[in-house]
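>>> how would this look folded up:
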Amino acid sequence: MQVYYDAEPTKIKYEKLPDGTANVYLRQNIKQVAVVSPKTSEDNAETTKTVWTADEKNIQTSLTEEEVAAQFDTLILDGDSEPSIGQRITALEDAVSALTEALSTES
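Residues are numbered from 1 along each chain as shown. Sure thing, here's the model as predicted:
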């Protein structure tokens with residue numbers, strides 16, 4: 001899921017919970033972008049604000065902070081994560097190509 005922040009987020013945010021597990025936010029593709037706000041009726045001017053974006057996944061785990069950091073790539077790509085829009089578009093393009101190829105070989 002893509003999220004927005006006013007300040008640069010950390011790659012990993014680790015929050016210990018009372019039951020011994022941790023709430024963990026894993027972030028990748030962290031970048032700063034300019035967002036243009038729409039014109040307002042008061043002054044009819046657009047405003048630009050700089051924000052930080054990231055693709056974020058939230059998990060609850062019994063892993064330590066060090067284990068989470070060591071397994072970051074595996075955890076961020078775990079099967080229960082929702083694919084990004086780019087991954088979804090690529091999958092659709094691959095499916096269309098495969099279908100087109102299958103239909104052209106039948107003719």
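
>>> Could you give the number of residues near Val3?
Neighbours of Val3 under the rule other CB atoms under 10 Å: 14. Quick note: C-beta positions are derived from backbone N, CA and C, even for glycine.

>>> Next: Thr21.
Residues lying near Thr21 (other CB under 10 Å) number 14.

>>> Spit out the contact partners of it.
Going by CB atoms under 8 Å, 6 or more residues apart in numbering, Thr21 touches Gln60, Thr61, Ser62.

>>> Apply 10 Å and report the result again.
With contacts defined as CB atoms under 10 Å, 6 or more residues apart in numbering, Thr21 is in contact with Glu15, Ile59, Gln60, Thr61, Ser62, Leu63.

>>> Low-confidence ranges, the chain, go.
39-42, 79-84, 87, 107 (pLDDT under 70).

>>> Where do the helices of it begin and end?
In the chain, the segments counted as helices under DSSP state H are 65-70, 72-76, 85-106.

>>> Need the CA coordinates for the longest one. PDB is fine.
Pointing back at helix 85-106 there. Extracted in PDB, the C-alpha atoms of helix 85-106 (Å, rounded to 0.1, in the frame of the first residue of the first chain):
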ATOM      1  CA  ILE A  85      -0.300  -1.200  -9.000                       C
ATOM      2  CA  GLY A  86       2.900  -1.700 -11.100                       C
ATOM      3  CA  GLN A  87       3.000  -5.400 -10.300                       C
ATOM      4  CA  ARG A  88      -0.700  -5.700 -11.200                       C
ATOM      5  CA  ILE A  89      -0.200  -3.900 -14.500                       C
ATOM      6  CA  THR A  90       2.700  -6.100 -15.400                       C
ATOM      7  CA  ALA A  91       0.700  -9.200 -14.600                       C
ATOM      8  CA  LEU A  92      -2.200  -8.000 -16.800                       C
ATOM      9  CA  GLU A  93       0.200  -7.200 -19.700                       C
ATOM     10  CA  ASP A  94       1.800 -10.700 -19.400                       C
ATOM     11  CA  ALA A  95      -1.700 -12.300 -19.400                       C
ATOM     12  CA  VAL A  96      -2.800 -10.300 -22.500                       C
ATOM     13  CA  SER A  97       0.500 -11.300 -24.300                       C
ATOM     14  CA  ALA A  98       0.000 -15.000 -23.400                       C
ATOM     15  CA  LEU A  99      -3.600 -14.900 -24.600                       C
ATOM     16  CA  THR A 100      -2.700 -13.100 -27.800                       C
ATOM     17  CA  GLU A 101       0.000 -15.700 -28.500                       C
ATOM     18  CA  ALA A 102      -2.300 -18.600 -27.700                       C
ATOM     19  CA  LEU A 103      -5.000 -17.200 -30.000                       C
ATOM     20  CA  SER A 104      -2.500 -16.600 -32.900                       C
ATOM     21  CA  THR A 105      -1.200 -20.200 -32.700                       C
ATOM     22  CA  GLU A 106      -4.800 -21.600 -32.900                       C
END
